[in-house]
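K.L.:
Sequence first, then the predicted structure:
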Amino acid sequence: MQKTLAIAFKAAETSASILILGPSGTGKSMLAREIHKRSPNKENAFVTVSCPSLSKELLESELFGHVKGSFTGAVNDTLGKVAAAEGGTLFLDEIGEMPLEIQPKLLRLLQEREYERVGESRARRATVRVIAATNRNLAEEVKAGRFREDLFYRLNVITLTLTGLRDRPADFTRLATSYLEFFSKRIGKRLNGFSPPVADAFARYAWPGNLRELRNVIERAVILSGGDQIELADLPEEFSGAPDARVAVGGRVTLDELEAEHIRRVLAQTRTLDDAAKMLGIDPATLYRKRQKLGLT
């Protein structure tokens, strides 16, 4: 992580495109904002576009803008997020889910610093720094034909990889304590740590939602706590019988336990059941039945 941050902050001083990889909840958007704050363009806008949240047509309009009458519902001219980020940073969240039809237009923006609004033929100039993030393996997406190879290499100038919380055990206590202090101060409670059962539950839990999940769990615990430290009763129900996060291939575990843990982690890092089924290599109906069987509903 120290090496990753050192590269990130060095690259922040340039205008190079940056690609941030890592599972959901690892802080990719936070890192993107920190890079912007350390850039020469920090006084200008930091604009976020969530690629999976819109249809192809709406995403194109969101990015590049449109002219009045270019499609049904286009009652006014709209500049778009690229124009809003002029002189600053455009953050493309989950770029691995950007539709293929829009990718050539993004490539043009990166290569030529030009784009066109929907329904307009006049090329517009843009001076923006692009930071993209994804929880997908873009090299595999390229092989599968879902992501353009030329766009991948254009984005892949500086690549930063954020690891999951389970892969950062040395950071866990510091992060958990930091969140505890932050929320205790915000809510006005005096809490001095975690009880031994809580510490044990935290060690056994897989943390599929990574930093985002840790933050939410501790905020909830601080709100519910009635003593001078966090107790097991203050945590969500899944921590009472938290599966051992050290379940691993070759360990003394059953196939059902391995399958349940793998499915649980995939579900935690994907946005929809269809995405999870695709990652697992099964159809959504089969995944639904397995969730029912394994008690993951």
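P.N.:
Structure's in. What do you need? Only a predicted model underlies this, so the values are computations on that prediction, with no experimental measurement involved. Numbers count the residues shown, from 1 in each chain.

K.L.:
For residue 47, what are phi and psi?
P.N.:
Phi and psi for residue 47, reported as degrees, to the nearest 10, are phi -120, psi 130.

K.L.:
how about the helices in this structure?
P.N.:
2-12, 28-37, 56-64, 81-84, 103-112, 138-143, 149-155, 169-187, 196-204, 210-224, 255-269, 273-280, 284-294 (DSSP state H).

K.L.:
Verify the stated contact: residue 206 with residue 164.
P.N.:
No: with contact defined as CB atoms under 8 Å, residue 206 does not count as touching residue 164 (9.1 Å). Heads up, the C-betas are built off the backbone N, CA and C, glycines and all.

K.L.:
now for the helices of the chain, which one comes closest to residue 20?
P.N.:
Proximity to residue 20 (CB to CB) singles out helix 28-37 among these, at 4.6 Å.

K.L.:
per-residue confidence averaged over that closest one?
P.N.:
Averaged across helix 28-37, the pLDDT comes to 96.

K.L.:
Please spell out which residues along it are buried.
P.N.:
Of the residues in helix 28-37, 28, 29, 31, 32, 33, 35, 36 count as buried by neighbour count, 16 or more other CB atoms under 10 Å.

K.L.:
For the nearest residue to the first one once chain neighbours are set aside, give the beta-bridge partners.
P.N.:
Which is residue 28. Spatial nearest neighbour of residue 28, excluding adjacent residues (CB to CB, 6 or more residues apart in numbering): residue 133 at 4.0 Å. Taking DSSP bridges as the rule, residue 133 bridges to residue 20, residue 93.

K.L.:
I'd like the numbering to begin with 26 instead of 1 from here.
P.N.:
I'll keep to 26 as the first residue from here, and by that count the last item is residue 158.

K.L.:
who touches residue 158 in this structure?
P.N.:
Counting by CB atoms under 8 Å, 6 or more residues apart in numbering, residue 158 makes contact with 44, 45, 46, 47, 53, 54, 57, 116, 117, 118, 119, 120.

K.L.:
Spit out the contact partners of the fifth one.
P.N.:
In other words, residue 53. 45, 46, 47, 118, 158, 160, 187.

K.L.:
Isn't residue 96 up against residue 142?
P.N.:
No: under the criterion of CB under 8 Å, residue 96 makes no contact with residue 142, lying 11.6 Å away.

K.L.:
Please say which of those two ends up with more neighbours.
P.N.:
Higher neighbour count among residue 96 and residue 142: residue 142, with 23 against 13, using other CB atoms under 10 Å.

K.L.:
and the nearest residue to the more buried one once chain neighbours are set aside, how many neighbours does it have?
P.N.:
Leaving aside its sequence neighbours, residue 142 sits nearest to residue 90 (CB to CB, 6+ apart; 4.2 Å). When counting by other CB under 10 Å, one arrives at 23 neighbours for residue 90.

K.L.:
Over to residue 298?
P.N.:
Neighbour count for residue 298, taken as other CB under 10 Å: 14.

K.L.:
ok, now residue 212?
P.N.:
A count of neighbours around residue 212, defined by other CB under 10 Å, yields 12.

K.L.:
Now do the same contact list for it.
P.N.:
247, 248.

K.L.:
same thing with the one 3 residues further on?
P.N.:
With contacts defined as CB under 8 Å, 6+ apart, the neighbours of residue 215 are 209, 253.

K.L.:
mind checking the end-to-end distance for stretch 188-198?
P.N.:
With CA to CA, to the nearest Å as the measure, stretch 188-198 spans 16 Å from end to end.

K.L.:
any weak-confidence spans in the stretch 126-275 of the chain?
P.N.:
The stretch 126-275 of the chain contains residues with pLDDT under 70 at 266-275.

K.L.:
Which parts of stretch 257-265 count as buried, going by neighbours?
P.N.:
Within stretch 257-265, the residues that qualify as buried by neighbour count (16+ other CB under 10 Å) are 259, 260, 264.

K.L.:
before we move on, what about stretch 144-151?
P.N.:
Under the neighbour-count criterion of 16+ other CB under 10 Å, stretch 144-151 has 149, 151 buried.

K.L.:
Over to stretch 198-212?
P.N.:
Buried residues in stretch 198-212 (16+ other CB under 10 Å): 201, 204, 205, 208, 209.

K.L.:
Among those residues, which one sits closest to residue 282?
P.N.:
Of the buried residues of stretch 198-212, the one sitting nearest to residue 282 (CB to CB) turns out to be residue 201, at 26.0 Å.

K.L.:
I figured the closest one was touching residue 228, is that so?
P.N.:
No: when contacts are counted by CB under 8 Å, residue 201 is not listed as touching residue 228 (10.8 Å).
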